[in-house]
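Undergrad: Here is a sequence with its predicted model. Questions after.
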Amino acid sequence: MQRWRGVASHFNEDTSFDATVFALMGMLVGLVALVIVAITVWTFARLDAPASLVFAIRIGLVLMLLSQVVGVQMIVEGGNTFGDQGALKVPHAFTLHAVQVLPGLALLLLASDFIERRRIEVLAVGAAGYTVLISSTMVQTYSGRSPLDIGILASTLVLLGLGLLAVSVGLALRAATAHHRLRKPAANRTEAPRGP
């Protein structure tokens, strides 16, 4: 609505109306944050799913809680910039989407014939890669550098994180594809014979 009105949607307190809208957004985000905390706690108490999927959901939600911490810092800072040019939106976005990336990887692994222990091992590599990737965004942001002004440490972390994530996704894709190819001929053999 604010963008439709041609004004900033976040940190906009130019008029009493804009301040009210921003305050209501904050209350809604606070409510959503409490729900996410409750869901995260619940997943550690009880979750009926394969162990690999449970692992991915839990890690994803914990990283999503970290996203909320970064979001609170954005409010405390009064904007999206940390230091000279550090963009808090970048680590906020990466931590927020862990809850999609890691369970997505887990679902791909469920399409393979890997045993659960092997799925968890592959997921652990992917989770480590994604966490290292998040670390790279935090190093970049909290050094006060812009997202495109990549330093040596941040670059190293990006390459390591992407490498680990690529290995886990590659293993999952290869296993899922091989499992699909092996099942297809077997399914064809069980078809009833056709008439003369």
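TA: On my side now, so go ahead.

Undergrad: So which residues of this protein form helices?
TA: With DSSP state H as the criterion, the chain has helices at 16-45, 51-77, 89-96, 98-110, 116-142, 152-189.

Undergrad: Tabulate these (TSV), appending mean neighbour count, mean pLDDT and distance to His10.
TA: Yep, even glycine has a C-beta here, placed from its N, CA and C like the rest. Formatted as TSV, the entries for the helices of the chain read as follows, by neighbours: other Cβ atoms under 10 Å; pLDDT from 0 to 100; distance: least, Cβ to Cβ, whole Å:
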stretch	mean neighbour count	mean pLDDT	distance to His10
helix 16-45	12	89	7
helix 51-77	18	90	8
helix 89-96	21	91	10
helix 98-110	21	94	22
helix 116-142	21	95	17
helix 152-189	14	83	25
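
Undergrad: Adding distance to Gln2, write the ones you listed out as JSON lines.
TA: As requested, those are exported to JSON lines (distance: least, Cβ to Cβ, whole Å):
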{"stretch": "helix 16-45", "distance to Gln2": "6"}
{"stretch": "helix 51-77", "distance to Gln2": "16"}
{"stretch": "helix 89-96", "distance to Gln2": "17"}
{"stretch": "helix 98-110", "distance to Gln2": "26"}
{"stretch": "helix 116-142", "distance to Gln2": "25"}
{"stretch": "helix 152-189", "distance to Gln2": "32"}
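
Undergrad: List the residues that contact Ala98.
TA: Under the criterion of Cβ atoms under 8 Å, 6 or more residues apart in numbering, the contact partners of Ala98 comprise 59-60, 63-64, 67, 130, 134.

Undergrad: from those residues, which single one is nearest Met25?
TA: When the contacts of Ala98 are ranked by distance to Met25 (Cβ to Cβ), Ser67 comes first, at 16.2 Å.

Undergrad: With adjacent residues omitted, what lies nearest to the closest one?
TA: Across the structure, with Cβ to Cβ, 6 or more residues apart in numbering as the measure, the residue nearest Ser67 apart from its sequence neighbours is Thr95 (3.6 Å).

Undergrad: Alright, calling it a day.
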